[in-house]
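In: need coordinates for the below:
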Amino acid sequence: MMDETTKDHTESAVVCDICGEQFDSTETAKEHVHNIGLLN
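Out: Residues are numbered from 1 along each chain as shown. All right, here's what the predicted structure looks like:
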């Protein structure tokens with residue numbers, strides 16, 4: 001039997017292209033990318 005919660009979590013996870021860090025939501029990821037942009 002497949003674990004639906006794991007599947008759903010994986011599909012909704014967002015990975016940062018720059019550092020490969022994983023985020024649970026697009027909002028968190030956007031904030032992270034914005035912060036990296038400020039550092040560069």
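
In: which secondary element of this structure has the worst mean pLDDT?
Out: Ranked by mean pLDDT, DSSP states H and E, the weakest helix or strand in the chain is helix 4-12, scoring a mean of 51.

In: what about the following helix or strand past that helix, distance to the chain center?
Out: Proceeding N to C from helix 4-12, the next assigned helix or strand is strand 14-15, under DSSP states H and E. Its chain's C-alpha centre lies 3 Å from the corresponding centre of strand 14-15 when counted by CA atoms, centre = their mean, to the nearest Å.

In: list the helices and strands strand 14-15 packs on?
Out: Contacts defined by 3 or more CB pairs under 8 Å, 6 or more residues apart in numbering; DSSP states H and E place strand 14-15 against strand 22-23, helix 26-39. Every C-beta, even on glycine, is put in place using the N, C-alpha and C of the backbone.

In: which secondary structure elements does the longest one contact?
Out: Which is helix 26-39. Against helix 26-39 (3+ CB pairs under 8 Å, 6+ apart) you get strand 14-15.
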